[in-house]
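In: whatever this is, show me its structure:
(one chain, ligands or ions: 3)
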Amino acid sequence: MDPVRVGILGLGTVGGGTVSLLRRNAEPLKRRLGRALEVTRVAVKDPSKPRPVDLEGIEVGTDAESICTDPNIDIVIELVGGVDNAEPLVRKALEHGKPVVTANKALLAERGNELFRFAGEQGVDLAFEAAVAGGIPIIKALREGLAGNRIESVHAIANGTANYMLSRMRTEGMEFAGALQEAQDLGYAELDPTFDVDGIDAAHKLALVAAVAFGAPINYEALHIEGIRSITREDILYADELGYRIKLLAITKNGPGGIELRVHPTLVPQDTMLASVEGVFNAVQVVGDAVGPTLYYGPGAGADPTASAVVGDLVDVARTLGAPPEYRVPYLGFRADGMQEPRWAPVEEVETEYYLRMQAQDQPGVLAQVTRILSEEGISIEAIRQKEPRPGDTDVPVVLVTHTTKERAMRKAVAAIDGLDVINGPSQLIRLEEVDAV
Ligand SMILES: NC(=O)C1=CN([C@@H]2O[C@H](COP(=O)(O)OP(=O)(O)OC[C@H]3O[C@@H](n4cnc5c(N)ncnc54)[C@H](O)[C@@H]3O)[C@@H](O)[C@H]2O)C=CC1
Ligand SMILES: N[C@@H](CC=O)C(=O)O
Ligand code: NA
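Out: Ligands and ions are numbered 1, 2, ... in the order given. Prediction:
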């Protein structure tokens, strides 16, 4: 059979990794598919730039759109990134009846509903495994392997850069900026690394995961997002002493107030598998009503792991090229007419435990004032510790962990505590999750 002709848009970290992987594993890929996967064209911004990838036999140009309309291209892989940059290209390819494989979570989190609708109208595939948790085949697991379940919760370490930074800060005592620079040098970070640091990239991924887990339209707007910028090395050390690790978690679950969608730094008990996920690795813990807790672990970023997911999608898409759409798995695992808008829980209705670090004046009665405020809001304390002051400081850090309480009550209490003369606010509030043992 003739080769499947592939056009790639963007030849950066993931694009380069994808070309290399397709070359390296051409032989087993052909045995899987019965046809060769041949990259015939790539679009780049700067053709004169030296690239660490063998481009022999590939037409290299700068006109990405012409690949999307080329009748000699069977499948388009979009790896240029960005939303406004990528959307017209993806639309153009779909419009020309070409399936698209993309790693672009920002695009799908923000414009996915429209793009999947359009792809459906065109009767072509739009595959995105690489967009969530890099090399971990989590979309396939949720869409297909776990289809028999009602999904109860997903707790994910979904941003490799943030996890890498938190790991380096804890184990090497690195400062925030140095740890970020390392992650950038390794090709993990987004073009705009604030996406990684401020939880936006993890939120893009969570918006997609929630849609696939609950059969709901993608709703990025419903997300509560906090990044890791405020996490200090002190917090990491205090959490450690209390028996926890701080992770940037992306959480969606069927909670008391509806479906929760939140990304924030989180204390996770040290004896859980999620807590032991270090460096660029990601992990996604999914609880289904039938299967119980399951965990998916692997590299969340980088050229080869992400290319692994891109090529996995490419094989899937190539297998059903030209087949009627009903022979394919629906984009989000549920048929378009089977998607349902749930109640999305406001973050104030989330119930969880909390870690609170305050800077208190070292004088009698301070702790009594703090505990009185907490008890007035119905919040009970699981542990409280006064720490040594930092050299030269007159304030003493006081750290406490609460039992489960509503976010609304906790926020009210912290506002009152920060209003006390004896507290130098703002205090540091970090949520704590008792994830199921796997
Ligand atoms: N780097 C990683 O580990 C992962 C990245 N992703 C996603 O993969 C996509 C690509 O990411 P990277 O490869 O890391 O980015 P990158 O910045 O290394 O590569 C993007 C490349 O596309 C080129 N480009 C931009 N607009 C173009 C256009 N109109 N025509 C031709 N070339 C164009 C840029 O010059 C750049 O070389 C993004 O959507 C990113 O979010 C997803 C998972 C992991
Ligand atoms: N910047 C992202 C890349 C993968 O999606 C990350 O660090 O996880
Ligand atoms: Na994936």
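In: CA atoms only for stretch 396-409, dumped as PDB, please.
Out: Output in PDB follows, covering the C-alpha atoms of stretch 396-409 (Å, rounded to 0.1, in the frame of the first residue of the first chain):
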ATOM      1  CA  VAL A 396       7.800  33.500  64.400                       C
ATOM      2  CA  PRO A 397       6.200  31.300  61.700                       C
ATOM      3  CA  VAL A 398       3.200  29.300  63.000                       C
ATOM      4  CA  VAL A 399       2.000  26.500  60.900                       C
ATOM      5  CA  LEU A 400      -1.200  24.600  61.300                       C
ATOM      6  CA  VAL A 401      -3.200  21.900  59.500                       C
ATOM      7  CA  THR A 402      -7.000  21.900  59.700                       C
ATOM      8  CA  HIS A 403      -9.500  19.100  59.400                       C
ATOM      9  CA  THR A 404     -11.900  19.200  56.400                       C
ATOM     10  CA  THR A 405     -13.800  22.400  56.100                       C
ATOM     11  CA  LYS A 406     -15.500  24.500  53.400                       C
ATOM     12  CA  GLU A 407     -13.300  26.900  51.400                       C
ATOM     13  CA  ARG A 408     -15.800  29.700  52.200                       C
ATOM     14  CA  ALA A 409     -15.300  29.300  55.900                       C
END
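In: so who does the one residue in the chain that gets nearest to ligand 1 touch?
Out: Closest approach between the chain and ligand 1, counting by Cβ to the nearest ligand atom: residue 12, at 1.8 Å. Where you see a C-beta, it was placed from the backbone N, CA and C, and this is true even at glycine. Taking Cβ atoms under 8 Å, 6 or more residues apart in numbering, we find residue 12 in contact with 79, 81.
In: return the distance of it relative to residue 62.
Out: For residue 12, the distance to residue 62 equals 14 Å [Cβ to Cβ, to the nearest Å].
In: which parts of the stretch 101-250 of the chain are strands?
Out: Per DSSP state E, counting those that start in this stretch, the stretch 101-250 of the chain carries strands over the ranges 126-127, 151-157, 224-225, 244-255.
In: relative to strand 151-157, how tilted is the longest one?
Out: Our comparison of strand 244-255 with strand 151-157, counting by axes from the mean of the first three to the mean of the last three Cα atoms, to 10 degrees, yields an angle of 150 degrees.
In: and the next helix or strand after strand 244-255, what does it pack onto?
Out: Heading C-terminal from strand 244-255, the first helix or strand you meet, by DSSP states H and E, is strand 258-269. When contacts are defined as 3 or more Cβ pairs under 8 Å, 6 or more residues apart in numbering; DSSP states H and E, strand 258-269 packs onto helix 200-214, strand 224-225, strand 244-255, strand 428-432.
In: mind running it again at 10 Å?
Out: With contacts taken as 3 or more Cβ pairs under 10 Å, 6 or more residues apart in numbering; DSSP states H and E, strand 258-269 sits against strand 151-157, helix 160-171, helix 200-214, strand 224-225, helix 233-242, strand 244-255, strand 351-361, strand 428-432.
In: so for ligand 3, which of those sits nearest?
Out: helix 200-214 (8.9 Å; Cβ to the ion).
In: wait, does that closest one contact ligand 2?
Out: Yes - shown here: helix 200-214 in contact with ligand 2 (Cβ under 6 Å from any ligand atom) through residue 201.
In: again with stretch 141-157
Out: No - using Cβ under 6 Å from any ligand atom, stretch 141-157 never reaches ligand 2; the gap is at least 9.3 Å.
In: buried stuff in that stretch?
Out: 141-143, 145-146, 149, 151-157 (16 or more other Cβ atoms under 10 Å).
In: with adjacent residues omitted, what lies nearest to whichever residue of the stretch 301-438 of the chain sits closest to ligand 3?
Out: Closest contact between the stretch 301-438 of the chain and ligand 3, by Cβ to the ion, is at residue 309 (4.5 Å). Distances taken as Cβ to Cβ, 6 or more residues apart in numbering put residue 130 closest to residue 309, at 3.7 Å, once the chain neighbours are dropped.
In: for burial, what's the neighbour tally of that neighbour?
Out: Residue 130 sits with 29 neighbouring residues when counted by other Cβ atoms under 10 Å.
In: now the helices and strands packed on strand 258-269 as TSV including distance to ligand 1 and mean pLDDT?
Out: Conversion of the helices and strands packed on strand 258-269 to TSV gives the following (distance: least, Cβ to the nearest ligand atom, whole Å; pLDDT from 0 to 100):
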stretch	distance to ligand 1	mean pLDDT
strand 151-157	14	98
helix 160-171	7	97
helix 200-214	7	98
strand 224-225	17	98
helix 233-242	24	94
strand 244-255	14	97
strand 351-361	29	97
strand 428-432	26	98
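In: now, of those, which is deepest in the fold?
Out: helix 200-214 (a mean of 27; mean count of other Cβ atoms under 10 Å).
In: do it and ligand 3 meet?
Out: No - shown here: helix 200-214 not in contact with ligand 3 (Cβ under 5 Å from the ion), separated by at least 8.9 Å.
In: tell me the angle of that helix relative to strand 151-157?
Out: 160 degrees.
In: thought residue 132 was touching residue 139?
Out: Yes - counting by Cβ atoms under 10 Å, residue 139 is a contact partner of residue 132 at 5.7 Å.
In: which residues of the stretch 51-200 of the chain lie near ligand 3?
Out: 129, 132-133, 136.
In: ok, and the most crowded of those?
Out: residue 133 (33 neighbours).
In: who's in contact with it?
Out: 105, 139, 156-160, 202, 205, 209, 250, 281-284, 296-301, 305-306, 309 (Cβ atoms under 10 Å, 6 or more residues apart in numbering).
In: 7 Å instead?
Out: Residue 133 sits next to 156, 158, 205, 282, 284, 300 when contact means Cβ atoms under 7 Å, 6 or more residues apart in numbering.
In: pretty sure the first one is in contact with residue 248, am I right?
Out: If I follow you right, that is residue 156. No - contact criterion Cβ atoms under 7 Å: residue 156 and residue 248 do not qualify, at 9.5 Å.
In: which neighbours do those two share?
Out: Counting by Cβ under 7 Å, 6+ apart, residue 156 and residue 248 have no shared contacts at all.
In: circling back: in a helix, the residue of the stretch 301-438 of the chain closest to ligand 3, correct?
Out: Yes - the assignment for residue 309 is a helix, going by DSSP: H, G, I helix; E, B strand; the rest coil.
In: give me the neighbour count for it.
Out: 28.
In: tell me how far the residue lying farthest from the centre of the chain lies from residue 151.
Out: Distance from the C-alpha centroid of the chain peaks at residue 364, with 44.9 Å (Cα atoms, centre = their mean). Distance check for residue 364 against residue 151: by Cβ to Cβ, it reads 51 Å.
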